[in-house]
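1. got a sequence here, can you model it:
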Amino acid sequence: MGRTCSRSASPRPTVEAMSARRYARLTRLAALSLGSVAVVLVARALGGTFGLVLFVLAAVPVYLAIGPYQADLALNQSLTEDERRWWRVALFLLPWTMSVYWLRHVRR
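-> Numbering: from 1, shown residues only. Prediction:
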């Protein structure tokens, strides 16, 4: 009559090797996030309007860099859903945690 298909209950995980380009990009963004901590400290020491402008100039690129890390979180199969959720919150609230994520999950 018809063919029978055997399907597994869960799909097979996709294993993706990180490309050199993506690794270099995540490394640059982690360095940027760590550098922003230094800029924030300098801005705090300077105070006033110049310190605020310096803080905003350092914070905007770091917040824009969160996207590639969110994508890597989604593809990282070594993390559980709870760990992904905590990393997403940490990356949004404390962008310098990109460097911590890089040290723990990206660095070769």
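2. for the chain, which segments count as helices?
-> 20-46, 48-64, 66-75, 81-93, 97-101 (DSSP state H).
3. what's the last one in contact with?
-> This means helix 97-101. 29-34, 62, 65-66, 69, 72-73, 87, 90-91 (Cβ atoms under 8 Å, 6 or more residues apart in numbering). Just so you know, the C-beta spots here come from the backbone N, C-alpha and C atoms, and that holds for glycine as well.
4. in PyMOL, how would I select just the buried ones from these?
-> Buried residues within the contacts of helix 97-101, by 16 or more other Cβ atoms under 10 Å, are selected in PyMOL with:
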select buried, resi 29+30+32+33+62+65+66+69+72+73+87+91
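5. out of the contacts of helix 97-101, which one sits closest to Phe50?
-> Ranked by distance to Phe50 (Cβ to Cβ), the contacts of helix 97-101 are led by Val62 at 19.1 Å.
6. thought the closest one was touching Leu32?
-> Yes: Val62 sits in contact with Leu32 when judged by Cβ atoms under 8 Å, with a separation of 6.1 Å.
7. many thanks, have a good one.
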